[in-house]
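Peer 1: generate coordinates for the sequence data below:
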Amino acid sequence: MNIRNRSIYAWFGQLSMAGLGLLLCFSSVKAAPPTGEVNALLAKRKSTKTIEAYIRVTFALGRLYRKHKAYNKALQLYAALGKKYEKRQVLCGVYHFRAQSFLKLNQSSAAIAEYKKLMRLFQRCQCPYLTNAYIAMGRLAFDQKDYNKALSQYRKAPRCRENRIGAIAAEYMKSWCAYKLGKYRPALRSMTRALQEMRRNRRRFKGEQKTKMLEVQKEAWPNFVRTYSRAGNPKNALRTFRKMADRKQADKMVEQLASSYYTTKAYKKLIALYSTLARRQRRSPRTVLYWLEILRAAHRTKNERLLFRALSKLASSIKKHRSQAGSNKDLQKHLKASQKQIRKFAKFKHSKAQKLDLPKLYKQAETFFATYRGLYPQSDDANIMAFWHGEVLLELQKYRKAARAYHLAARHPKPFKFTEDSTYKAALANHRYLENAQSIQYKAPPKRKRLRRIPIPGRYETFLEAGTFFRTKYPHNKHVPSVVYNMGLVYQKFWAFEKARDEFLIVCTKYPKHKYARPAAKHIVDTLRIRQKWTLLADAVDKILAVPELGRPRFKRRLKEVGRAAHLNSCYTIMKAKEYLKAGACYYAVSKKLGEHRETPLVLYNAYVAYYNGQNVPRANKIKAELLKRFPRSRAARTLDRRNR
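Peer 2: Numbers count the residues shown, from 1 in each chain. Sure thing, here's the model as predicted:
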C-alpha cells in the first residue's frame, strides 16, 4: 500500500474533543512564540479565580508553546501542572501533550513512557486521549516496520463516541498493517469499515477537520482499490464502491481497479469485472470500452472462445452506439481505440498464421478481418484490409469470398501498393473457385455443322470479367499469359470457339516462351479441326508459325503439316461450293507456299481443274504449262497427258 504524504497522520494528530480538545500534533509554523501573547496568557492565568479556569489557560499556554515549537517550555509547563493538580482529567491531557512534545523532540522512548502512564491510569473511554495514545504507539511500531506490534496497538485503541475521528484512524491504520503483513481480507474489511465511517460521519466534521478528512479520504480511495484488487470479488466491485462513494467516484474506482488487475496480470478478474459492468450497463455507451478491455484481456489469457465472444459483443456494441459519438468525446476515443485494436489483432493473427501455417490461426484471422471490414467499410485502409482478408480466404480455400475481397481492393478508388496483386488474385481466386466447384476442362462437342453456343453461367462470366480487367490494366504483368489461357479454356468449354481461338492466339504470339504457349497452340488446332473451320485453322497456323520462338523443330514440322492440310481442306470446301475461280486461286496460292513439296503437283493439278471448270481456259493453260515444266514426271503430269490425248 502506498502511503504518499502521511496526511492521515497529519489529520489524526489534530484530533480535537469537546471541552479539552485535541491539539495539533505535527504542525509547522513560526520558530518562537510571540512575547505579547505569552504575557497575556500568564496575566490571565494569575487573575483566574477557579481551578478549572487556571487549568484551561495553562493548556492554552502549552498549546501556544507547541504551536511555535517551544517544546521544552511546554514540557516544563505540563510537568508543573501535573505535580500541582494530580487529578485524572488533568493528567489525561498532561501525559498526552508531553508525549507529543517528546515525539517532536525525537525522544521516542520518553514519549512511550508518557503513553504507558496514560494507558495504566485510564481504561476505555475514561480519557479522550487514550485512543490517540494507542494510535501514536502503533505509528512508532509501524515506522520501525514492526507491523504485528503496530496492529496490536491499533486493535487496543478504544472506540469512543466522543472521539469518532480517533476510532476511524485506528481502523484505517489497522488495514495498513494487515496489508503490509499480506493479510488482504482483514485489511479490506478494516479499510471498508473506516471509509464507511468517514462517509457516515462526514456531516459531523466541521471546518479544518472536514477539510483534512476529505484529503485523507481522497488518499484512501486508491489504497482501498489496491486492497480490493487483492481480496475483493470483482463481480461485486461496483456495488461495494457505490456504498462508500458517490457515483462518479465509484466509476473512477472501478477504472482504477481494472488498471490494477491489468498491472498485476489478473486477467480473469478483469474479465469478470468488465463482464459484470457490461451486463448491468448494457444500454450505456461505455459498453464499448468494457468489451474492448475484455477483448484485450481474453487475448492475454489465450481463451479463444471468450476472445471471439468479446469480439462479437464489441462489434454489436459499436453498431448500437456509434450514432451517439457526435457529442460524446469519450465514446469517440473508445471507438477509435476499438478500430485500432481489431486491426492490430487481425494483422497479428495473420502474421502468426503465416509463420506457423496453421488453418486454425487463419480462421481466427479471417474472423477479425471480416469483423473489421463489416464495421469500417469506408475506412482509409479499407483497400489494404480487403487485400489481406483475401489472402487469408485464399489460404482457407474460400475462393468465392476471396475473389470478392480482391475485387473490392482492386477497384478501390484509392490506389495502393497491392492494387496490381489484388487485380491478378481476383482473377486467380475466381478461377480456383471454378476449378473447385466444377472442372473447366474442355470437352469436345459433337461433329455437327450447326452447333449452338452454350450460354456462359454467371460465375464463369465473373472470372472472364476479372481476367479481362486484369490484362487490360496490367498488360505487362507476368501472370497475364496464365489468365488469358484460362479464359480461353472457359470460352472453349462453352463452345465459343472464335473467342477461345483469339485468347489462345494471344498466348501463342505474344508469349511464345511461356509454358502455356504450346498447349494453347494445340487447343487451337484441336478446336478448329473438330469444327472443320479450315480457313480459320489455316490462318491461325500461319500466325503461330510466324513466331520463331514458339516450340521446337519437331513441333513446328507437325504444325506445318496441320496448316498444309487446313489450306487444302479450305480449298476443297470452296471447290465443293462450286466457286471454281476462288478455288483455283486458293489452290495456286497453296502451291506457292508448298514450293517443291511432293504434294505440289497435285495442288497445281487441282488449280488447273478449278480454272478449267470455271471456264478460265487461259489461266488453266498457264497452270498446266507450269505443272508440266516443273514436275514432268509426276503422276499429275501423266494424268494431264492422258487427258489431252
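Peer 1: switch to C-alpha atoms for all contacts and neighbour counts from now on
Peer 2: Noted.
Peer 1: buried stuff in stretch 267-281?
Peer 2: Of all the residues in stretch 267-281, those buried under the rule 16 or more other C-alpha atoms under 10 Å are Tyr267, Lys268, Lys269, Leu270, Ile271, Ala272, Leu273, Tyr274, Ser275, Thr276, Leu277, Ala278.
Peer 1: go through these and flag which are in helices.
Peer 2: Counting by DSSP state H, the buried residues of stretch 267-281 place Tyr267, Lys268, Lys269, Leu270, Ile271, Ala272, Leu273, Tyr274, Ser275, Thr276, Leu277, Ala278 in helices.
Peer 1: Lys414 sits in which helix or strand?
Peer 2: Assigned by DSSP states H and E, Lys414 belongs to neither a helix nor a strand.
Peer 1: for it, what are phi and psi?
Peer 2: Per-residue torsions, Lys414: phi -100, psi 110 (degrees, to the nearest 10).
Peer 1: contacting residues for it?
Peer 2: Residues counted as contacts of Lys414 (C-alpha atoms under 8 Å, 6 or more residues apart in numbering) are Asn383.
Peer 1: can you pull the pLDDT of it?
Peer 2: Listed pLDDT for Lys414 reads 87.
Peer 1: now for the buried residues of stretch 267-281: which two are most distant?
Peer 2: Comparing every pair within those by C-alpha to C-alpha identifies Tyr267 and Ala278 as the most remote, at 16.1 Å.
Peer 1: model confidence for the residue lying closest to Met487 once chain neighbours are set aside, exactly?
Peer 2: In space, Met487 comes closest to Leu464 once its chain neighbours are excluded; the distance is 6.1 Å by C-alpha to C-alpha, 6 or more residues apart in numbering. pLDDT, Leu464: 92.
Peer 1: my guess is Leu464 meets Tyr485, correct?
Peer 2: No: look at Leu464 against Tyr485 with C-alpha atoms under 8 Å: they stay out of range, at 11.1 Å.
Peer 1: the longest helix in the chain is where?
Peer 2: helix 329-356.
Peer 1: next, the angle from the very next helix or strand once past that helix to helix 329-356.
Peer 2: Where DSSP H and E defines the elements, the next helix or strand beyond helix 329-356 is helix 359-375. Interaxial angle, helix 359-375 versus helix 329-356 (axes from the mean of the first three to the mean of the last three C-alpha atoms, to 10 degrees): 150 degrees.
Peer 1: on contacts alone, who are the packing partners of helix 359-375?
Peer 2: Using 3 or more C-alpha pairs under 8 Å, 6 or more residues apart in numbering; DSSP states H and E, the elements in contact with helix 359-375 are helix 304-321, helix 329-356, helix 382-395.
Peer 1: for the first one, which outside residues touch it?
Peer 2: Applying C-alpha under 8 Å, 6+ apart, the external contacts of helix 304-321 come out as Pro285, Thr287, Val288, Trp291, Leu292, Ile294, Leu295, Ala298, His299, Leu335, Thr371, Leu375.
Peer 1: give me the pLDDT for the third one.
Peer 2: On pLDDT, Val288 comes in at 92.
Peer 1: tell me the secondary structure for it?
Peer 2: Using DSSP: H, G, I helix; E, B strand; the rest coil, the structure places Val288 in helix.
Peer 1: that one reaches Lys336, doesn't it?
Peer 2: No: Val288 is not in contact with Lys336 according to C-alpha under 8 Å; the separation is 10.6 Å.
Peer 1: more neighbours, those two?
Peer 2: Legend: neighbour count by other C-alpha atoms under 10 Å for Val288 and Lys336, higher for Val288 (27 against 10).
Peer 1: what helix or strand is His96 on?
Peer 2: Element membership for His96 (DSSP H and E) is helix 88-104.
Peer 1: could you measure from Arg379 over to Leu289?
Peer 2: No, residue 379 isn't Arg; it's Ser. Relative to Leu289, Ser379 is positioned 21 Å away (C-alpha to C-alpha, to the nearest Å).
Peer 1: who's more crowded, these two?
Peer 2: The residue with more neighbours, out of Ser379 and Leu289, is Leu289; 22 against 12, by other C-alpha under 10 Å.
Peer 1: how about the nearest residue to the more buried one, chain neighbours excluded?
Peer 2: Leaving aside its sequence neighbours, Leu289 sits nearest to His334 (C-alpha to C-alpha, 6+ apart; 5.8 Å).
Peer 1: so how far is Arg283 from the one you found?
Peer 2: On the measure of C-alpha to C-alpha, His334 and Arg283 end up 16 Å apart.
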